[in-house]
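J.: Sharing a sequence plus its predicted fold:
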Amino acid sequence: MEALETIKVREKENHPMEPLLRMDRIPHIWCPGCGIGTTVTAFVSALEKLEFDLDKVVVVSGIGCTGRVAGYIKLDSFHTTHGRAIPFATGIKLGNPDLKVVVFSGDGDLVSIGGNHFIHAARRNIDITVILVNNFIYAMTGGQVAPTTPVSAYTTTSPFGNFEPPSNIPQLAEAAGAVYVARWTSLHIRRLTKSIAEALQKPGFSVVEVISPCAMYYSRINRLGEGIDMMRFYHENSIIKHGEPTENLDIKYQKEIVVGKFVDRERPTFIESYNRWIGETKS
Amino acid sequence: MSGVRIPYDIGKVKVPRGEVHIAKDRCKGCGFCIEYCPNDVLELSDEFNSKGYHPPIVVKPEECLNCGLCEILCPEFAIWSTLKGEVEAKIAG
């Protein structure tokens, strides 16, 4: 709790978020114009707003640019193998159900390499919150084509443009059984903060997708300018449609991005189902 | 001014004023704070920081409303504001 008390004290000398960051590792490695730092700020603001006991919050990350979050955030955090952030988070949650487990990772980690774990954690409705930063590319390894790359976008491994249809992450999450699905861009920062706070309070598998600029790989090879130009693009082309059917949420190359909260429903969580089942089989 | 409705509580409303603080050496010059500051308090400076980027500079310190948008948008945790005081509300224009 100490960190949460100190974060509310606003000083002239130190950034108010410093008690929750590992300052020996800051400045971080994210490129100028990257939206991951903004998403971290939104997450910390949501924690601050909810006044959670920070000793009971665990952040789990996989590999990739967004996978670095676990190393920068001064909570109990876990940097895991590629694509396996959700299995580790499942283990943490089942080992100690009192903990609030947050998976903070990228599209390449969670829905590409770890796609199967994403589906099954949603199916079982494990009580974890997934913050999925989608930058449309495998950014850390050099900008290869990812299962989230829009059709016709150039990447280092699709020099004539990508022809594979990308995953629609909200639809995937809803179909697999997630109870809370929202999408925002790193520009919609206050709405994103509110959405992360709602997802953290929701029992069950909640997913918040964050569209983030990748200024170094995605924007450069597609000649979309710098991070600030991507933010201007989001400003002009994102449309808020709460409750939009998730099949309409495909992302097309440089076309409008539908954002909002799409799914908010109730399902028994894995631990609830387990306890009920144990009770029934014993009696 | 004619045709502008004067709010009935204009005398009671106080407008906050903030002070912007910038950790210059942490800045990577992305320009998000400059672009999205609602009162255009910031501008890109000509000086270089230790990493070779141009950090923002406060050009209109009296205009800051302590809204905190720069703080929440900054990906580098390099800019924040503190409350300096409050002033009487005025009708713009």
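T.: Arrived safely.
J.: Quick check: residues of the stretch 101-250 of chain A near chain B?
T.: A:189, A:190, A:193, A:215, A:226, A:227, A:228, A:231, A:232 (C-beta under 8 Å from any C-beta of the partner chain). Any C-beta I mention is one placed from the backbone N, CA and C, and that applies to glycine too.
J.: In ChimeraX, select just the buried ones from those.
T.: A single ChimeraX command selects the buried members of these (16 or more other C-beta atoms under 10 Å in any protein chain shown):
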select /A:189,193,215,226,227,228,231
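J.: Can you pick out the most distant pair from the residues of the stretch 101-250 of chain A next to chain B?
T.: A:193 and A:226 (24.3 Å; C-beta to C-beta).
J.: Which ones among the residues of the stretch 101-250 of chain A next to chain B map onto helices?
T.: Here DSSP state H is the test, and these give A:189, A:190, A:193, A:227, A:228, A:231, A:232 as lying in helices.
J.: per-residue confidence at the second one?
T.: What that stands for is residue A:190. pLDDT, residue A:190: 93.
J.: so what's it closest to, chain neighbours aside?
T.: With sequence-adjacent residues excluded and distances taken as C-beta to C-beta, 6 or more residues apart in numbering or on different chains, residue A:190 is closest to residue B:72, at 7.3 Å.
J.: Using the three-state scheme, assign the one you found.
T.: At residue B:72, secondary structure determined by DSSP: H, G, I helix; E, B strand; the rest coil is helix.
J.: what's the pLDDT at it?
T.: In this model, residue B:72 carries a pLDDT of 91.
J.: ok, now which ones touch it?
T.: A:38, A:41, A:42, A:45, A:189, A:190, A:193 (C-beta atoms under 8 Å, 6 or more residues apart in numbering or on different chains).
J.: What distance do you get for it to residue A:172?
T.: 29 Å (C-beta to C-beta, to the nearest Å).
J.: ok, now which ones touch the nearest residue to residue A:149 once chain neighbours are set aside?
T.: For residue A:149, ignoring the flanking residues on the chain, the nearest one in space by C-beta to C-beta, 6+ apart is residue A:162 at 4.7 Å. Neighbouring residues of residue A:162 by C-beta under 8 Å, 6+ apart: A:145, A:149, A:150, A:151, A:152, A:153, A:154, A:155.
J.: Keep only those of these that are in strands.
T.: Among those, DSSP state E puts residue A:145 in strands.
J.: Narrow the contacts of residue A:162 to those that are buried.
T.: Looks like these have A:145, A:149, A:150, A:153, A:154, A:155 buried, using 16+ other C-beta under 10 Å.
J.: quick one, what contacts the residue nearest to the last one when sequence neighbours are not counted?
T.: Across the structure, with C-beta to C-beta, 6+ apart as the measure, the residue nearest residue A:155 apart from its sequence neighbours is residue A:145 (4.4 Å). Taking C-beta under 8 Å, 6+ apart as the contact definition, residue A:145 lies against A:137, A:138, A:155, A:157, A:158, A:162, A:164.
J.: One more: residue B:28?
T.: Applying C-beta under 8 Å, 6+ apart to residue B:28 gives the contacts A:27, A:31, A:32, A:33, B:51, B:53, B:75, B:76.
J.: Out of these, which is nearest to residue A:271?
T.: residue B:75 (35.6 Å).
J.: confidence score at that closest one?
T.: So, for residue B:75, pLDDT stands at 93.
J.: Tell me, how many residues neighbour residue A:280?
T.: 8 (other C-beta atoms under 10 Å in any protein chain shown).
J.: Revised request: answer the last question for residue A:260.
T.: Neighbours of residue A:260 (other C-beta under 10 Å): 20.
J.: Write down the beta-bridge partners of it, one by one.
T.: Note on residue A:260: beta-bridge partners by DSSP bridges are residue A:183.
J.: Do I have it right that it meets residue A:188?
T.: No: between residue A:260 and residue A:188 there is no contact under C-beta atoms under 8 Å: 9.4 Å.
J.: Skipping its backbone neighbours, what lies nearest the most centrally placed residue in chain B in space?
T.: The C-alpha lying nearest the average C-alpha coordinate of chain B belongs to residue B:64 (C-alpha atoms, centre = their mean; 4.0 Å). Spatially, and ignoring its direct neighbours in sequence, residue B:64 is nearest to residue B:18 (4.2 Å; C-beta to C-beta, 6+ apart).
J.: Now do the contacts for that neighbour.
T.: Residues near residue B:18 by C-beta under 8 Å, 6+ apart: B:64, B:65, B:66, B:67, B:81, B:82, B:83, B:84.
J.: same check, this time on residue A:158
T.: Going by C-beta under 8 Å, 6+ apart, residue A:158 touches A:145, A:149.
J.: and what of residue B:22?
T.: So residue B:22 contacts B:55, B:56, B:57, B:58, B:78, B:79 (C-beta under 8 Å, 6+ apart).
J.: How many residues are close by the residue lying closest to residue A:106 once chain neighbours are set aside?
T.: Of all residues not flanking residue A:106 in the chain, residue A:66 sits nearest, at 3.7 Å (C-beta to C-beta, 6+ apart). Per other C-beta under 10 Å, the neighbour tally for residue A:66 reads 32.
J.: quick revisit: can you tell me how far the residue nearest to residue A:155 is from chain B?
T.: 25 Å (C-beta to the nearest C-beta, to the nearest Å).
J.: Test my guess that residue A:247 contacts residue A:171.
T.: Yes: under the criterion of C-beta under 8 Å, residue A:247 makes contact with residue A:171 at 5.7 Å.
J.: in the chain, which spans are helices?
T.: The chain I'm using is chain A. Using DSSP H, helices in chain A cover A:2-7, A:36-50, A:69-72, A:85-95, A:107, A:115-124, A:169-176, A:189-201, A:218-221, A:227-237, A:270-282.
J.: you looked at the wrong chain, it should be chain B
T.: B:32-36, B:69-73.
J.: Kind regards, and thank you for your time.
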